[in-house]
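Colleague: Sequence and predicted structure, then a few things I'm wondering about:
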Amino acid sequence: MPGRRATLSTLLAAPSLARAQTAAPIRLLVNGTPGSISDILCRSLAEGLRDRLGRPVVPDNRSGAGGFASVLGARGQPADGSVLVQANIGVTALAPLVFRRPPIDPDAELAPICHLTESPFGLAVRADAPGGGTLQGWLAAMRARGGGEVAVNSATGLPRFMVHRLSVVSGVPLAPVIYRSSGAMLPDLEAGHVPAGLTIGGEFIEQHRAGRLRLLAQSLGEGRWSLAPEVPRFNEQGLGDFVASAWNGLFAPAGLAEPRALALAEAVTAALHAPEALARLRPMGLEPTGGTPAQLRARIATDRARWAPAIEASGFKADEP
């Protein structure tokens, strides 16, 4: 009997598997190079969607253009769900605030489908930094010095403006020091050449666990971060609505019909919360989310409104990524 059940299950699954193998593939434009966190996220998503949609999903890596390559690749593509786009908060929510002439108009050119993942930012210092290992203690030490510098890994990314906001809400003069990448920033931070660093929290986790750096705060809006539950949030430490996330979302070329977007969002949410996806993504600092097109649109609007004052107050505007 067990053998017969297995054979029957195989036969019942065969038509679905055959359809998935022969149907026209969906192309998923990935904002990153092979092996990057974005790539791993999208390949995990593609695996989970294949059987749920009955079509293969093929990741198509796009890098360069200051992080805009994936969304630029969607221009001129059909708005029927055959092309999907992975993009982050900077490209979709903040670009109109940061650039004088954004490479795209995300509101006009992209159709939101589903939020994908959350990743908190983190503020890290050397383990022997002044302040007793707390954010308020470190801020007090910087205030006594007349101010301090905070390394960030991009000239146009959200951490730059988080430093400005932290300076305003704490009353401590803080200035961002721009590095070309987290990899370039970390050695200077560990060596003590810069007092603190602020970027995606996962970039600091290895050094934090090894005791070479100490994460003083993370930027989730509520709860604790699964990779470092001992690290308190900014808004637990007297800094008000200091909430930020290096989130990812799934989009399509503008014009995608709402019923199709809703069906895709349902399949994506299920794929993200499958045990194999959770086991792959959470250790990298990605917390799978999901949701609906309306929720992703609302998230974009919320983050744009939350960070517009800090971006404007910084006085910074970029001509290009």
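Modeller: In hand now; what should we look at?
Colleague: how far away is residue 117 from residue 200?
Modeller: Using CB to CB, to the nearest Å, one gets 11 Å for the distance from residue 117 to residue 200. Where C-beta positions appear, they are placed from N, C-alpha and C, glycine not excepted.
Colleague: I figured residue 81 hits residue 256, correct?
Modeller: Yes: if you go by CB atoms under 8 Å, residue 81 and residue 256 touch, sitting 6.3 Å apart.
Colleague: Next, the nearest residue to residue 194 once chain neighbours are set aside: secondary structure please.
Modeller: In space, and not counting its chain neighbours, residue 194 is closest to residue 151: 4.5 Å by CB to CB, 6 or more residues apart in numbering. Assigned state for residue 151: strand (three-state reduction, DSSP: H, G, I helix; E, B strand; the rest coil).
Colleague: quick one: residue 151 from residue 213, how far?
Modeller: Remark: distance between residue 151 and residue 213 (CB to CB) = 12 Å.
Colleague: One more: residue 55?
Modeller: To residue 213, residue 55 is 44 Å away according to CB to CB.
Colleague: Among these two, which residue is more densely surrounded?
Modeller: Counted by other CB atoms under 10 Å, residue 55 and residue 213 do not tie: residue 213 has more neighbours, with 23 against 19.
Colleague: who's the more buried one bridged to?
Modeller: Beta bridges link residue 213 to residue 126, judged by DSSP bridges.
Colleague: List the contacts of it.
Modeller: 124, 125, 126, 127, 189, 190, 197, 204, 207 (CB atoms under 8 Å, 6 or more residues apart in numbering).
Colleague: hmm, try it at 6 Å
Modeller: 124, 204, 207 (CB atoms under 6 Å, 6 or more residues apart in numbering).
Colleague: picking up where we left off before, which of residue 81 and residue 256 has more residues huddled nearby?
Modeller: Counted by other CB under 10 Å, residue 81 and residue 256 do not tie: residue 256 has more neighbours, with 22 against 19.
Colleague: who's in contact with that one?
Modeller: Counting by CB under 6 Å, 6+ apart, residue 256 makes contact with 79, 111.
Colleague: now with 10 Å?
Modeller: With contact set as CB atoms under 10 Å, 6 or more residues apart in numbering, residue 256 has these partners: 78, 79, 80, 81, 83, 84, 110, 111, 112, 113, 264, 293.
Colleague: for residue 246, same thing?
Modeller: By CB under 10 Å, 6+ apart, the contact set of residue 246 is 37, 88-90, 117-121, 157-159, 199-203, 219, 285-286.
Colleague: Helices - which of these land there?
Modeller: Applying DSSP state H to the contacts of residue 246, the entries found in helices are 37, 89, 158, 159.
Colleague: if we can go back for a sec, find the residues that touch each one of residue 151 and residue 213.
Modeller: Residues touching both residue 151 and residue 213 (CB under 10 Å, 6+ apart): 124, 186, 189, 196, 197.
Colleague: Most neighbours among those, which one?
Modeller: Ranked by neighbour count (other CB under 10 Å), the shared contacts of residue 151 and residue 213 have residue 124 at the top, with 30 neighbours.
Colleague: That one: helix or strand, and which one exactly?
Modeller: strand 121-126 (DSSP states H and E).
Colleague: swap in residue 165?
Modeller: If you go by DSSP H and E, residue 165 is part of helix 158-170.
Colleague: buried stuff in that helix?
Modeller: Residues of helix 158-170 classed as buried: 158, 159, 160, 161, 162, 163, 164, 165, 166, 167, 169, 170 (neighbour count, 16 or more other CB atoms under 10 Å).
Colleague: Now do the same contact list for residue 277.
Modeller: Contacts for residue 277 (CB under 10 Å, 6+ apart) come out as 41, 44, 45, 47, 48, 270, 271, 286, 288.
Colleague: which of these sit farthest apart?
Modeller: Largest separation among the contacts of residue 277 by CB to CB: 270 and 286, giving 16.8 Å.
Colleague: Of these two, which one has the most company?
Modeller: Taking other CB under 10 Å, residue 270 and residue 286 do not tie; residue 286 has more neighbours (28 against 14).
Colleague: Now the more buried one. Nearest residue, chain neighbours left out?
Modeller: Excluding the flanking residues, the one nearest residue 286 by CB to CB, 6+ apart is residue 117, at 4.2 Å.
Colleague: ok, now residue 179?
Modeller: If the residues on either side of it in the chain are set aside, residue 179 comes closest to residue 185, at 4.0 Å by CB to CB, 6+ apart.
Colleague: Tell me how many other residues surround that neighbour.
Modeller: Residues near residue 185, counting by other CB under 10 Å: 24.
Colleague: Over to residue 109?
Modeller: When neighbours are defined as other CB under 10 Å, residue 109 has 18 of them.
Colleague: doesn't residue 253 make contact with it?
Modeller: Yes: contact criterion CB atoms under 10 Å: residue 109 and residue 253 qualify, at 7.2 Å.
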